[in-house]
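Asker: Provided below are the primary sequence and the corresponding predicted coordinates.
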Amino acid sequence: MITPEYCQMMARYGAWQNRQIFDALDGQPMMVLTKDRGAFFGSILGTLNHLLWGDQIWMSRFDPSVEAPVGGIPKSPMLHPTLGAWNAARFHLDGKVRHWANSLRSVDLAGDLKWYSGAAQRDVTKPIALCVTHMFNHQTHHRGQIHALLTAAGLVAPVSDLFLMPEDA
């Protein structure tokens, strides 16, 4: 289904996107970041926090060195109170994701992953490759929302085309 090389590319892409989003938002007043804009997770910062929360929960299942975030999905928009706190946590996790992806072997993407899903309120068993693909797809989904929120706020949203990612990203 997927390869370690795919995971490495998507880990690079995610870190590149997150740096661009931070750069686009750096210096914006809290009111701009926290204004409820009608998105599923409310604000720009709420959506960024949910995305970080989702990455943390999935990575905690893939890599035992990553701690699961506190609280469930409903509390995920409040994970970090400021853009600076979000950025520090995001930078740290992006490093963990890249390290994990760079150390993957094909065999690591075979077999099943078993966990208790708070969202589904039950034990779940799914192919690990599907779960990894879901994590990267979840990132893309919410970054699309963030792009729309930035545009609605009158800000310039960063380029998100995968084929435009710099080689050194």
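Answerer: Nice, thanks for sending it over. Just so it is clear, the model here is predicted, and its values are computed rather than measured. Numbers count the residues shown, from 1 in each chain.
Asker: tell me which element Tyr6 is part of?
Answerer: For Tyr6, the element it lies in under DSSP states H and E is helix 4-25.
Asker: buried residues, that helix. List them.
Answerer: 4, 6-22, 24-25 (16 or more other C-beta atoms under 10 Å). To be clear about C-beta, it is placed using only N, CA and C from the backbone, and glycine gets the same treatment.
Asker: can you check stretch 120-132 too?
Answerer: Within stretch 120-132, the residues that count as buried by 16+ other C-beta under 10 Å are 128-129, 131-132.
Asker: what sits against Gly72?
Answerer: Contacts of Gly72 were listed using C-beta atoms under 8 Å, 6 or more residues apart in numbering, and they are 118-119.
Asker: got a pLDDT number for it?
Answerer: We have a pLDDT of 92 for Gly72.
Asker: that one and Gly42: what is the separation?
Answerer: According to C-beta to C-beta, to the nearest Å, Gly72 stands 16 Å off from Gly42.
Asker: didn't Val32 look like it was pressed against Ile44?
Answerer: Yes - between Val32 and Ile44 there is a contact at 7.3 Å, judged by C-beta atoms under 8 Å.
Asker: great, nothing more from me.
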